[in-house]
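*Asks:* Provide a 3D model corresponding to the input given below.
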Amino acid sequence: MANILNKEQEAALIAATKERDTEAFGSLYDTFVKKIYDFVYYKTLNKEVAEDIVSLVFTKAWQKINQFKSGSFSAWLYTIARNAIVDYYRRDRKNVDIDDCWDLSDESDFLAKVDTNLHLEHLRAALADLNSRERDILIMRFWQDLSFAEIAERLDKKEGAVKMACGRALQALKIKMPLAVFILLPGLINICKRTS
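*Replies:* A predicted model of the protein is given here:
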């Protein structure tokens with residue numbers, strides 16, 4: 001279970017980490033690792049890649065902690081994560097491991113998994129037409145179940161701007177997604193209902 005820190009506790013841990021206190025950094029790690037992992041996983045859809053990128057994010061955070069001056073530590077971590085994801089796709093996108101394509105457990109329903117993957121492919125194609133910030137907002141809002149206030153803090157934006165970007169992105173998805181996918185993919189209907 002992740003720790004929940006108030007601003008004073010977070011500031012104290014950051015100050016201690018800047019003094020190279022590994023226990024303080026461990027507390028920051030415990031607080032933020034789940035949300036950063038979820039964000040990275042939904043951008044890569046690969047468990048091993050997400051684990052590697054999250055490890056890199058926290059390694060960079062440790063190495064560059066003195067560059068963090070003020071503001072939202074969470075937003076700073078998300079920026080590092082976003083940049084690491086961009087670097088991953090620039091560097092490694094061409095390398096696809098065949099094991100990732102056929103990693104089905106014995107008890108999984110193959111046809112259901114294929115059907116879901118086809119729906120997800122339509123969703124991925126529609127999401128590809130959105131800008132990076134809109135995709136990040138949708139991931140944080142509907143897959144990580146963050147409030148607009150939490151997203152605004154992580155992205156260092158105003159809450160109203162995040163709500164507007166989310167609304168625009170959802171309208172674009174409704175236009176671009178085939179109706180059958182929109183109806184059949186569980187969760188998409190709930191996504192559209194939860195925009196307020």
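*Asks:* The closest residue in space to E23 that isn't next to it in sequence - how many residues pack around it?
*Replies:* Nearest residue to E23 in three dimensions, chain neighbours excluded: A16, at 7.9 Å (C-beta to C-beta, 6 or more residues apart in numbering). Any C-beta I mention is one placed from the backbone N, CA and C, and that applies to glycine too. Using other C-beta atoms under 10 Å, A16 is surrounded by 16 other residues.
*Asks:* again, but for Q63
*Replies:* Q63 has 9 neighbours, counted by other C-beta under 10 Å.
*Asks:* for Q67, same thing?
*Replies:* Using other C-beta under 10 Å, the number of residues around Q67 comes to 10.
*Asks:* And the next helix or strand past the helix or strand encompassing the residue nearest to E23?
*Replies:* Taking DSSP states H and E as the definition, one finds A16 inside helix 7-18. For helix 7-18, the following helix or strand on the C-terminal side (DSSP H and E) is helix 22-44.
*Asks:* ok, and for that next one, which residues are buried?
*Replies:* For helix 22-44, the neighbour count (16 or more other C-beta atoms under 10 Å) marks 24-25, 27-29, 31-33, 35-44 as buried.
*Asks:* Which helix or strand contains the residue nearest to Y41 when sequence neighbours are not counted?
*Replies:* Closest residue to Y41 apart from its sequence neighbours, by C-beta to C-beta, 6+ apart: A50 at 4.0 Å. Assigning secondary structure by DSSP H and E places A50 in helix 47-63.
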